[in-house]
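Q: Got a predicted model here, sequence first, then my questions.
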Amino acid sequence: MEKLRLTDLGYFETENPLDGGACPGHDQDWYRHWFRRLAGCGPTTAANILLYEMLAGSLGGGRGEPAPLGLREALEATFSVARPASLERLDRMWGFVTPSKRGGLNSTAKFCEGVRALAAAVGIKALAAALDVPKDSPERPPVEDVAAFIGEALGEDRPVAFLNLDNGAEKQLEKWHWVTVIGIDPEDEAGVMLDILDNCVYLRVNLNSWMATTAKGGGFVRFRFER
């Protein structure tokens, strides 16, 4: 596998509602309510993915083409793409990708269910694929399979959601947390490296290290959208 990266990270650009500055992606700390700030990583990651997918054109049926007018209007009514509306976008996403008060959004299945609900609300289909990394080490897929799963999405210019329930030795990661995968580098001497977007910050994590040391596992989710 070659190095892969989303083609235009500018599609993630949003406006920080706290100071008006430009940010890559969304930040769960923008939520007004304390519980949403605490547990909002799932809807924040979903907001990143939907924003990129819409502006990259995939929701219109082809990469690089804007969504058709009718579909764009429907999406904007449910999921605003205007930069000053970044907080409103997060609040709307919470209504679909909703963490519980017991455990937050702690499974790939719940994440998929929420994004499918948003898609259905605007008359499109979200075709989800999830790859779980179980708590028990012997049951985990090989690193190569996980890398291939991520690479397939990135090769189609699609972001990937990453659920980390325990970061193990990877100090760049926050436990019980969702982030957005925007690139993969399988050629690094240290192992397979993932480029991620986490609350408006770009980071790099070692997939091999995470899979070898995480105590609780997690998983990855990718989407295709169809009209």
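A: Happy to help now that I have it.

Q: what about residue 217, neighbour count?
A: Residues contacting residue 217 under the criterion other C-beta atoms under 10 Å number 20. Every C-beta, even on glycine, is put in place using the N, C-alpha and C of the backbone.

Q: Figure out the helix or strand that residue 225 lives in.
A: strand 218-226 (DSSP states H and E).

Q: And that strand, what's buried?
A: For strand 218-226, the neighbour count (16 or more other C-beta atoms under 10 Å) marks 218-223, 225 as buried.

Q: average pLDDT across stretch 8-25?
A: Mean pLDDT, stretch 8-25: 89.

Q: circling back to that earlier point, list just the nearest of the buried residues of strand 218-226 to residue 116.
A: residue 223 (9.0 Å; C-beta to C-beta).

Q: before we move on, back to that, quick one: list the elements packing against the strand holding residue 225.
A: helix 41-56, helix 108-121, strand 125-133, helix 143-155, strand 160-164 (3 or more C-beta pairs under 8 Å, 6 or more residues apart in numbering; DSSP states H and E).

Q: pLDDT-wise, what's the bottom of the buried residues of strand 218-226?
A: Of all the buried residues of strand 218-226, residue 225 carries the smallest pLDDT score, 84.

Q: ok, it touching residue 126?
A: Yes - using C-beta atoms under 8 Å, residue 225 is in contact with residue 126, at 5.7 Å.

Q: Where does pLDDT dip in this protein?
A: Within the chain, the stretches with pLDDT under 70 are 57-84.

Q: Please parse it into its domains.
A: Per automatic domain parsing, the structural domains of the chain span 4-123, 129-226.

Q: Ends of the last one, what's the gap?
A: Distances were taken as C-alpha to C-alpha, to the nearest Å; on that basis the terminal residues of domain 129-226 are 14 Å apart.

Q: again with stretch 10-18
A: With C-alpha to C-alpha, one end of stretch 10-18 sits 20 Å from the other.

Q: cool, stretch 197-214 as well?
A: Stretch 197-214: ends 20 Å apart by C-alpha to C-alpha.

Q: Can you mark which positions in it are buried?
A: Buried residues in stretch 197-214 (16+ other C-beta under 10 Å): 197-200, 205-211, 214.

Q: which residues touch it?
A: 12, 16, 23-29, 41, 44, 48, 133, 140, 143, 146-147, 164-170, 172-174, 177, 179-180, 182, 184, 190-196 (C-beta atoms under 8 Å, 6 or more residues apart in numbering).

Q: Select only the buried ones of those residues in PyMOL?
A: Buried subset of those, written as a PyMOL selection, criterion 16+ other C-beta under 10 Å:
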select buried, resi 12+16+23+24+25+26+27+28+41+44+48+133+140+143+146+147+164+165+166+167+168+170+173+177+179+180+182+184+191+192+193+194+195+196
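
Q: In helices only, show me the contacts of stretch 197-214.
A: Those of the contacts of stretch 197-214 mapping onto helices are 41, 44, 48, 143, 146-147, per DSSP state H.

Q: How about residue 41, nearest residue that isn't a chain neighbour?
A: In this structure, residue 41 finds its nearest non-sequential neighbour in residue 178, 4.3 Å apart by C-beta to C-beta, 6 or more residues apart in numbering.

Q: got the angle between the helix or strand where residue 204 lies and strand 160-164?
A: Assigned by DSSP H and E, residue 204 belongs to strand 201-206. Angle of strand 201-206 versus strand 160-164, following axes from the mean of the first three to the mean of the last three C-alpha atoms, to 10 degrees, is 70 degrees.
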